[in-house]
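K.L.:
sequence unknown, structure follows:
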């Protein structure tokens, strides 16, 4: 049973501005009490009543852990004086607080609220200062009332402060009349939270506001699964499951949302009705228009081009095969070129030849890739600095909404380059492509490089595949496997898998192994043995460089279970090694972790060995991996070191953005390469066990692939061509726009 303490906040010992975690000392009736918890709105001098429980901290002694609290009006002249003297209202210090309370006694707050003009009766208060004091007092009162109001709906103090900040004095009206606005306007409030508040305030289950909010939620969830639109029939079915909506109600709600331009309906020639969230519709339209605008051709002299490429080959001791040479020629003549090919087909050599040619022409070149690891690899293979696309576009966090991307580079401040080369294009979703193309002026050469057979982007859209599918742009397909690459069974097997051909699993290879096991416990045991001992010894690498990949999240060989298992062996508990339990995940110092959603606002720092900040920036992205360097119980923060020594401090309340990364899904591994990949495979959903997924997993490894489990599952994956359906309209949009141009 919860205990209750009350008293005046005498001292704020510590406050984390990021998550409002606070340590404060309150003066109770009999003794001072140290309280810890998430306090959104308290100040020194406030009178609070808190629920929670006492605990004996091994370092800081007895503390009261606060689960909820309320701010009470100070009662009595002395309590009022202490409140005003705390500095909670600017301009009132100890001496002035004493004079105010001496003048008005227990009636002080009523005077400040109802008759603020009387404050001029106190020496040292002018008319202007009286108005300022009254305004501040009113603002504090409104916030306290708001917190009390929201507490009845089981809304946390942290979230309550966000809601009040968003709506101010309109908050109560919005919460009681249209709580579904919270899900749209405030990060951290989902449809289910808003729906529960709506239920408590008595909004009918068939209220049109609920219907519209549920449909918007459904289309937003679809984007999370990679779709830029849904067929109207499917949107109805999914909305019906969520809302219990009738066909008539659905039709009315969609009509309203279409009129409000929040949804867009597109009728196709075959009669299909597509429903887009308006933002994705306009993104696809803009991307289609810009790609067509960029794809202008300016034919060059064939003899001169050949002579220049011959010179580059000689100077750099390389030999380009026919399709590589064609790619270089196209880069000279066309504003938009797409180069696609599997591992070992010479994409890097082709890029380098292009770069040397552009340099010879004294052209300004920019290189970028979707992830930090891919950009780093591009830098190493070209000798020219490559950046993430986010950094290239000069991302900055939006203080109003941490979920939004704000780029300094756009149509008003375009990138300054003659040629831009983007690698790992299969990972680029429609939102990032839209942002990139806004910043690329017509006349700039854009070269898009990627493996179209890789898994599609984690975010919505199927950009690379859709662009190629149009047949309208200059696409060069590299297919010849070079001799050095042909010596790697990883590369040869990847191509066999991609063509649907069987692969040798007889363990005669030096870099591709199949350890056949028919029992899950045996598979787990072999995986641990490979990661802990056999592969580090065989390859001469650290345990942390070996990555376990798996098709699924749940199940005995899913990410969640494998991470718990691998953590136990790779980073066991030790004296002095601090840890934090968050939900079902235990985070420990030294753990390998991954960011699981884009956070454009979070800040990072790079420090020198002396602790001086030498570089800082914002943005950590879905798929970024790092190591936990510190768990700070006092500050309630966890510090992670990401690539390039970027240190990020996470509040404990923000740990839902991290998960352990000893094992990760194959989808999350896109754009990364590892010395060795261990792939446990038994059984699972058919839609996950397909050729595309196996091909992506195998091509993540540089030195060795070890598959552990069922040979039958490997064969099934190679035979299974089916991929999860992804609704993306970019191809149709480009063709439609091109057709209009032709006419």
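P.N.:
Happy to help now that I have it. Everything quoted here is computed from the prediction, not taken from an experiment.

K.L.:
helix or strand right after the host helix or strand of residue 563?
P.N.:
Residue 563 belongs to helix 559-570 when assigned by DSSP states H and E. The helix or strand immediately downstream of helix 559-570 is strand 579-582, counting by DSSP H and E.

K.L.:
Name every strand pairing with whatever helix or strand comes next after that following strand and say which way it goes.
P.N.:
Next in sequence after strand 579-582, counting helices and strands by DSSP H and E, comes strand 585-588. Strand 585-588 pairs in its sheet with strand 579-582 (antiparallel), by DSSP bridges.

K.L.:
for the strand it pairs with, which positions count as buried?
P.N.:
579, 580, 582 (16 or more other CB atoms under 10 Å). (Glycine included, C-beta is placed from N, CA and C.)

K.L.:
quick one: contacts of the helix holding residue 563?
P.N.:
Where contact means CB atoms under 8 Å, 6 or more residues apart in numbering, the residues beyond helix 559-570 that reach it are 524, 527-528, 531-532, 543-544, 548, 550, 552-555, 584, 586, 588, 591-592, 659-665, 680.

K.L.:
Quick one, which of these are buried?
P.N.:
Neighbour-count burial (16+ other CB under 10 Å) applied to these gives 524, 527-528, 531, 543, 548, 550, 552-553, 555, 586, 588, 591-592, 659-665, 680.

K.L.:
What are the buried residues along the helix holding residue 563?
P.N.:
Here helix 559-570 shows 559, 560, 561, 562, 563, 565, 566, 567, 570 as buried, counting by 16+ other CB under 10 Å.

K.L.:
swap in stretch 452-462?
P.N.:
Buried residues in stretch 452-462 (16+ other CB under 10 Å): 452, 453, 454, 455, 456, 457, 458, 459, 460, 461, 462.

K.L.:
Next, report how far stretch 694-701 is displaced from the centre of its chain.
P.N.:
23 Å (CA atoms, centre = their mean, to the nearest Å).

K.L.:
Then stretch 70-80?
P.N.:
On the basis of CA atoms, centre = their mean, stretch 70-80 sits 44 Å off its chain's mean C-alpha point.

K.L.:
Show the average pLDDT along that stretch.
P.N.:
Stretch 70-80 comes out with an average pLDDT of 76.

K.L.:
Closest to the centroid, which residue in this protein?
P.N.:
Most central in the chain under CA atoms, centre = their mean is residue 598, positioned 1.7 Å from the mean C-alpha point.

K.L.:
Can you get me a residue count around the closest residue to residue 201 other than its chain neighbours?
P.N.:
Sequence neighbours aside, residue 176 is the residue nearest to residue 201 in space, at 5.0 Å (criterion: CB to CB, 6 or more residues apart in numbering). Residue neighbour count, defined by other CB atoms under 10 Å, stands at 16 for residue 176.

K.L.:
just residue 283 next, same as before
P.N.:
25.

K.L.:
Would you double-check that it falls in a strand?
P.N.:
No - per DSSP: H, G, I helix; E, B strand; the rest coil, residue 283 lies outside any strand segment and is helix.

K.L.:
For residue 276, see how far away it is.
P.N.:
Applying CB to CB, to the nearest Å, the value for residue 283 to residue 276 is 9 Å.

K.L.:
list residues touching both of these two?
P.N.:
residue 228.

K.L.:
Looks to me like residue 387 is in a strand.
P.N.:
Yes - secondary structure of residue 387 (three-state DSSP): part of a strand.

K.L.:
That one: neighbour count?
P.N.:
18.

K.L.:
Now do the contacts for it.
P.N.:
Residue 387 neighbours (CB under 8 Å, 6+ apart): 366, 367, 368, 375.

K.L.:
What pLDDT does the model give the last one?
P.N.:
According to the predicted model, the pLDDT of residue 375 comes to 89.

K.L.:
burial of it, as a residue count?
P.N.:
Count around residue 375 with other CB under 10 Å applied: 26.

K.L.:
quick one on the thing from earlier: shouldn't the residue nearest to the centre of the chain be in contact with residue 623?
P.N.:
No - counting by CB atoms under 8 Å, residue 598 does not reach residue 623; the two are 9.3 Å apart.

K.L.:
Please narrow the contacts of helix 559-570 to those residing in strands.
P.N.:
Members of the contacts of helix 559-570 lying in strands (criterion: DSSP state E): 548, 550, 586, 588, 592, 659, 660, 663, 664, 665, 680.

K.L.:
JSON lines for the residues you listed, including pLDDT and distance to residue 204?
P.N.:
Listed next are those as JSON lines, based on pLDDT from 0 to 100; distance: CB to CB, whole Å:
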{"residue": "548", "pLDDT": "97", "distance to residue 204": "49"}
{"residue": "550", "pLDDT": "95", "distance to residue 204": "45"}
{"residue": "586", "pLDDT": "93", "distance to residue 204": "43"}
{"residue": "588", "pLDDT": "95", "distance to residue 204": "48"}
{"residue": "592", "pLDDT": "96", "distance to residue 204": "49"}
{"residue": "659", "pLDDT": "95", "distance to residue 204": "39"}
{"residue": "660", "pLDDT": "96", "distance to residue 204": "43"}
{"residue": "663", "pLDDT": "96", "distance to residue 204": "46"}
{"residue": "664", "pLDDT": "95", "distance to residue 204": "44"}
{"residue": "665", "pLDDT": "93", "distance to residue 204": "41"}
{"residue": "680", "pLDDT": "96", "distance to residue 204": "49"}
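
K.L.:
would you list those residues in CSV and tack on distance to residue 604?
P.N.:
CSV is the format used below for the ones in strands among the contacts of helix 559-570 (distance: CB to CB, whole Å):
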residue, distance to residue 604
548, 26
550, 29
586, 24
588, 21
592, 18
659, 19
660, 20
663, 25
664, 21
665, 24
680, 33
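
K.L.:
about what we covered before: show me which pair in the buried residues of stretch 452-462 is furthest apart.
P.N.:
Spanning the widest gap among the buried residues of stretch 452-462 are 453 and 460, at 19.9 Å by CB to CB.

K.L.:
Look at residue 479 and report its pLDDT.
P.N.:
For residue 479, pLDDT reads 89.

K.L.:
For it, grab the count of nearby residues.
P.N.:
The tally of other residues near residue 479 (other CB under 10 Å) stands at 12.

K.L.:
wait, doesn't it sit right on residue 341?
P.N.:
Yes - contact criterion CB under 8 Å: residue 479 and residue 341 qualify, at 6.4 Å.

K.L.:
List the contacts of the closest residue to residue 544 other than its chain neighbours.
P.N.:
Once flanking residues are discounted, residue 544 sits nearest to residue 592: 6.4 Å by CB to CB, 6+ apart. Residues in contact with residue 592 (CB under 8 Å, 6+ apart) are 544, 570, 571, 625, 626, 627, 660, 661, 662.

K.L.:
make it 10 Å
P.N.:
543-544, 547, 563, 566-567, 570-571, 625-628, 640, 660-664 (CB atoms under 10 Å, 6 or more residues apart in numbering).

K.L.:
ok, what's across the strand from residue 586?
P.N.:
residue 581.

K.L.:
Which neighbours do residue 479 and residue 341 have in common?
P.N.:
Joint contacts of residue 479 and residue 341 (CB under 10 Å, 6+ apart) are residue 323.

K.L.:
Please identify the buried residues of stretch 80-98?
P.N.:
So for stretch 80-98, counting by 16+ other CB under 10 Å, buried means 80, 81, 82, 83, 84, 85, 86, 88, 89, 92, 96, 97.

K.L.:
And stretch 222-239, by the same measure?
P.N.:
222-223, 226-230, 232, 234-236, 238-239.

K.L.:
just to revisit the earlier point, can you work out which residues contact both of residue 598 and residue 623?
P.N.:
Both residue 598 and residue 623 are contacted by residue 458, under the criterion CB under 10 Å, 6+ apart.

K.L.:
dump the residue contacts of the closest residue to residue 520 other than its chain neighbours.
P.N.:
In space, and not counting its chain neighbours, residue 520 is closest to residue 556: 4.7 Å by CB to CB, 6+ apart. Residues counted as contacts of residue 556 (CB under 10 Å, 6+ apart) are 520, 521, 523, 524, 562, 565, 680, 682.

K.L.:
quick one, strands of the stretch 151-300 of the chain?
P.N.:
Assigned by DSSP state E, counting those that start in this stretch, the stretch 151-300 of the chain shows strands spanning 229-231, 263-267, 273-277.

K.L.:
Fine by me, thanks again.
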